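In: pasting a predicted model and its sequence here:
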Amino acid sequence: MQSLRFTAETTSDGVVERDFTLGEIPGVLWSPESGSASGPGAGPDRAPLVLMGHGGGTHKKWPAMTGRARLLVTGCGFHVACIDSPGHGDRPRSAHDEREIAELYRAREAGEPEGPVVVRYNAHLAARAVPEWQATLDALQELPEIGAGGPVGYYGLNMGTAIGVPLTAVEPRITAAVFGLHWPDVLAEPARRITVPVEFALQWDDEHIPRAAGLALFDAFASKEKTLHVNTGRHKELPRFEADSAARFFARHLVRPVTSPALA
């Protein structure tokens, strides 16, 4: 197994942010400065881990990623990790990436549905990203502050869902997940193999994903505990308070009480 190598570190407002590489995979790990933790499998210096997938066209340190990570670190005491997906962030685009992105822009300019392009391209990225995430999880669990056997969650919307659903379907270490904002076309089948608790976000007025499509994906999860969060608004208008809800969800299922009054 390739070893994880930290390349930079900064600390602010109680959050330690460490850039890392695992082979050719660049990532970032946010951790509580205190290093305190509790929960099954966690020693005095360990805390649960949340893997966080970014959306299409963004990267591991996109403002939404950084904001959600800080919420989980400061409010819940978790570690949070995000890696750049293939063709995103600090990773070069392949010829296939360039063709799919050009086709997406062409469809958008022509007023055609973007879904078929996004679904196809995201499925291609997921096939590459799932084993990368598993290798990253292996390496992160080698760190003494995380360790093997501790609670692990997954948090990803949009493309983060396209990657996270097949990942969670094959990765038994993930015990709770937050998904949303994606089509069911290629995700319904792996969703039927997911039984861990799920929280799912859907925008009622999404101009790209029809309501019936979003509901079909939610319905496909085999989880006995699954919660649907529906808000009015378009695709990119998911309310920020849904991040607070996700933090409470992970606090319940990764066995770490919420400590921030804002999350109570």
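Out: Received the coordinates, thanks.
In: now do the contacts for the residue nearest to A216 when sequence neighbours are not counted.
Out: Counting by Cβ to Cβ, 6 or more residues apart in numbering, P184 is the residue found nearest to A216 once chain neighbours are left out, at 4.4 Å. No exception for glycine: its C-beta is placed from N, CA and C like everyone else's. Applying Cβ atoms under 8 Å, 6 or more residues apart in numbering to P184 gives the contacts A191, A213, G214, A216, L217, A220.
In: rounded mean pLDDT for stretch 208-222, please.
Out: If you average the pLDDT over stretch 208-222, you get 97.
In: pull out the buried residues from it.
Out: By neighbour count on 16 or more other Cβ atoms under 10 Å, the buried set for stretch 208-222 is H208, I209, A213, G214, A216, L217, F218, A220, F221.
In: so V16, which of the three states?
Out: Look at V16: counting by DSSP: H, G, I helix; E, B strand; the rest coil, its state is strand.
In: number of nearby residues for it?
Out: By the criterion of other Cβ atoms under 10 Å, V16 has 18 neighbours.
In: which stretches in the stretch 151-264 of the chain count as helices?
Out: Taking DSSP state H, counting those that start in this stretch as the test, the helices found in the stretch 151-264 of the chain are 159-170, 188-191, 211-220, 241-253.
In: can you give me the pLDDT of the closest residue to H229 other than its chain neighbours?
Out: Nearest residue to H229, sequence neighbours excluded (Cβ to Cβ, 6+ apart): A201, at 5.0 Å. You'll see A201 listed with a pLDDT of 98.
In: how close does A201 get to S245?
Out: 9 Å (Cβ to Cβ, to the nearest Å).
In: the more surrounded of the two?
Out: More neighbours surround A201 than the other of A201 and S245, with 24 against 16 (other Cβ under 10 Å).
In: show the contacting residues for G89.
Out: Applying Cβ under 8 Å, 6+ apart to G89 gives the contacts P26, H54, T58, H59, K60, K61.
In: typed the wrong thing, it's N122
Out: N122 neighbours (Cβ under 8 Å, 6+ apart): G56, M159, A162, I163, H182.
In: turn those into a markdown table, including pLDDT.
Out: Shown next, in a markdown table, are the contacts of N122 (pLDDT from 0 to 100):
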| residue | pLDDT |
| --- | --- |
| G56 | 96 |
| M159 | 98 |
| A162 | 98 |
| I163 | 98 |
| H182 | 98 |
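In: top of these by neighbour count?
Out: A162 (31 neighbours).
In: let me have the helices of the stretch 151-264 of the chain in a markdown table, extended by distance to G77.
Out: Converted to a markdown table, those look like this (distance: least, Cβ to Cβ, whole Å):
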| stretch | distance to G77 |
| --- | --- |
| helix 159-170 | 22 |
| helix 188-191 | 30 |
| helix 211-220 | 29 |
| helix 241-253 | 9 |
